[in-house]
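Undergrad: Sequence below, structure please.
(one chain, ligands or ions: 1)
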Amino acid sequence: MGSSEGTECPACHLSSLTMSVITVDVPYFGEVILSTIICPLCGMKSTDVHPVGVREPARYVLQIRSAADLDVRVVRSSTSKLSIPEIGLVVEPGSALDGYITNVEGVLRKLLEVVRTMERDLGDDKERIEKARGLIGLLESVIAGNSANDGPLTLILEDPLGNGLMASSDGRVVRSLLDGEWGQGPIQ
Ligand SMILES: [Zn+2]
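TA: Purely as a prediction, here's the structure:
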């Protein structure tokens, strides 16, 4: 555990940030550094993750077929993109989003929260409300350990800097290296 200080808070500009760094052992992968930045005055807090050692631009693909797949470890960094193509869900990377260490269930619960919030803001747009409710039902069902009626959902994590990852004990997570297809190239 270490800490460093001196960067101005982007939220209040009144104080300098305190950063703490801890190392977390991720099963079936290895050590990952979890850094937390806190502003002592306004309470602004931000976390991010990156693995110890060599990092390669990579894509991880998991088909969520059973309750056991919900336990697969997910390290989502601020440079990771998450998507579930079957239902058109994409979480773009961005510094505004915190990095965190979780599992597939944790990712699905976060997505569920996002869709629920979206649904509440739809007003009386009946078509979109119906669509959102269908999505909520599907996510709840998969979180409960049921497989989706139309086949398993596929969770894809892509990280051009190799900071994010998914790790399992067997071959359930398929890893491949990313090449130029990312589009804009590595995120700065
Ligand atoms: Zn602040």
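Undergrad: Same question for the longest strand seen in the chain: list its buried residues.
TA: Scanning the chain for the strand with the most residues, using DSSP state E, yields strand 16-26. Within strand 16-26, the residues scored as buried using 16 or more other C-beta atoms under 10 Å are 17-18, 26. Quick note: C-beta positions are derived from backbone N, CA and C, even for glycine.
Undergrad: between those residues, which is closest to the ion?
TA: Using C-beta to the ion, Leu17 is the member of the buried residues of strand 16-26 that sits closest to the ion, with 7.6 Å.
Undergrad: need the contact list for that closest one.
TA: 5-9, 37-39, 44 (C-beta atoms under 8 Å, 6 or more residues apart in numbering).
Undergrad: Pick out the most distant pair among the residues you listed.
TA: Distances among the contacts of Leu17 were taken as C-beta to C-beta; the most separated pair is Gly6 and Met44, at 15.4 Å.
Undergrad: Looking at those two, which is more packed in?
TA: Taking other C-beta atoms under 10 Å, Gly6 and Met44 do not tie; Met44 has more neighbours (15 against 8).
Undergrad: you'd agree that one is up against Cys12?
TA: Yes - the pair formed by Met44 and Cys12 meets the contact definition of C-beta atoms under 8 Å, at 7.0 Å.
Undergrad: Near the closest residue to Arg109 other than its chain neighbours, how many other residues are there?
TA: Nearest non-adjacent residue to Arg109, counting by C-beta to C-beta, 6 or more residues apart in numbering: Ile143, 6.5 Å away. By the criterion of other C-beta under 10 Å, Ile143 has 18 neighbours.
Undergrad: try Ala11
TA: Neighbours of Ala11 under the rule other C-beta under 10 Å: 15.
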